[in-house]
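**Student:** the following comprises the amino acid sequence and a computationally predicted model.
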Amino acid sequence: MRQSFLDELSEKNSKPNNKYLKLLNWNIANPSINKAHKQAEFIKKNKFDILVLTEIKNSEGCKFLRDRLQSLNYQVYFPYINSDEDNYGTLIAIKKHIKSTLLNLDVNFLAHRIPSINCQIKNKSITITGVYHPPTNNNHREAFLKELKKFLQSQNQENWIVLGDLNIPRPDLIVKSETDQYNTKISREIYNSFLDSKLIDTFHHLNQKREPSIVRKNKGYRPDNIFISKNLINTLKNCSFIHQARSSGLSDHSPMILTLNI
């Protein structure tokens, strides 16, 4: 039994945005209850259709956010996380007016980090995949990469949107002083696994510039990515960050927003 909220009825009766599809990709950094309240208000204010939230756990803050999203008329896919194996995962939420189904993937390792759903949007069958790649200091990194590459190569390469935190910057933006933290060979292999699957880096495609989504020790990185299949490129309207959410302390990552004309 989940928590109830006073604005549930008004949210249930709110009209969907029929002109554009608005997606959020955000590492929420396993929030406290207080921070989860603020993140939920950010999501409510911006009226996203689809959310991919990474770095979630079976914590009180993440469980609150799950319940709050359900009250905001989202169908929430909150993964089962085996804490003995790995305790971080990826959540997908989609507005209930969009028909969606959780896909049963052939992923045999850390599947809670890479969920996928199929949804029906204006007569299009679209697959949404969320990815939270283990960081550089995680022993599961190479094994997960092997499973990720197998998964990417097995998918139908049309009508596909992949959102998440790869825990690497773009390999061509790694400078020499960063090679200890970001193994260039592995970083290139992770990033190129998406390009090899004929997916397009939407932010790089539109902006062709370096813009960090996270800042550590006065250095900026963009581990957060949104990829789309080539057949969706003509629907691409915008891909940008809301840095104010990071600077105000909602997370250490800036929310990444994709807008499609579907």
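**Tutor:** Received, thanks. Numbers count the residues shown, from 1 in each chain.
**Student:** in contact with I262, which residues?
**Tutor:** Residues in contact with I262 (C-beta atoms under 8 Å, 6 or more residues apart in numbering) are 20-21, 121-122, 124, 126, 232, 235. (Glycine included, C-beta is placed from N, CA and C.)
**Student:** I should have written N30 there, sorry.
**Tutor:** N30 neighbours (C-beta under 8 Å, 6+ apart): 55-57, 59, 61-62, 88.
**Student:** of those residues, which pair is most distant in space?
**Tutor:** Using C-beta to C-beta, those reach their maximum pairwise distance at G61 and Y88, which is 13.2 Å.
**Student:** pLDDT below threshold where in the protein?
**Tutor:** Applying pLDDT under 70 to the chain flags residues 1-2, 6, 8-18, 83, 137-138, 170-184.
**Student:** helices of that one, residue ranges please.
**Tutor:** For the chain, the helices defined by DSSP state H occupy 8-12, 33-46, 60-71, 141-154, 184-195, 202-207, 243-247.
**Student:** pipe those into a markdown table and attach mean neighbour count per row.
**Tutor:** Shown next, in a markdown table, are the helices of the chain (neighbours: other C-beta atoms under 10 Å):
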| stretch | mean neighbour count |
| --- | --- |
| helix 8-12 | 12 |
| helix 33-46 | 16 |
| helix 60-71 | 20 |
| helix 141-154 | 16 |
| helix 184-195 | 16 |
| helix 202-207 | 18 |
| helix 243-247 | 15 |
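**Student:** what's S213 sitting at in phi/psi?
**Tutor:** In terms of degrees, to the nearest 10, the main-chain angles of S213 are phi -110, psi -10.
**Student:** which residues does N27 contact?
**Tutor:** N27 neighbours (C-beta under 8 Å, 6+ apart): 53-55, 132, 165, 214, 223-224, 251-253.
**Student:** who's in contact with stretch 202-220?
**Tutor:** Under C-beta under 8 Å, 6+ apart, the answer for stretch 202-220 is 27, 170, 173, 178, 221-228, 233, 236, 238-241, 246, 252-254, 256, 258.
**Student:** what subset of those is buried?
**Tutor:** Buried positions within these, assessed by neighbour count (16 or more other C-beta atoms under 10 Å), are 27, 170, 173, 221-228, 236, 239-241, 246, 253-254, 256, 258.
**Student:** can you tell me which of these are in strands?
**Tutor:** Taking DSSP state E, the ones among those that sit in strands are 27, 221, 224-228, 236, 239-241, 256, 258.
**Student:** in those, find the pair that's most separated.
**Tutor:** The most distant members of those, if one measures by C-beta to C-beta, are Y221 and L236, lying 23.3 Å apart.
**Student:** check contacts around D196.
**Tutor:** Here D196 is in contact with 152-153 (C-beta under 8 Å, 6+ apart).
**Student:** how about 10 Å then?
**Tutor:** With contact taken as C-beta atoms under 10 Å, 6 or more residues apart in numbering, D196 is in contact with 149, 152-153, 189.
**Student:** so what's N118 up against?
**Tutor:** Contacts of N118 (C-beta under 10 Å, 6+ apart): 99-103, 125-128, 159.
**Student:** 8 Å instead?
**Tutor:** By C-beta under 8 Å, 6+ apart, the neighbours of N118 are 100-101, 103, 125-128.
**Student:** what separates it from K57, distance-wise?
**Tutor:** 26 Å (C-beta to C-beta, to the nearest Å).
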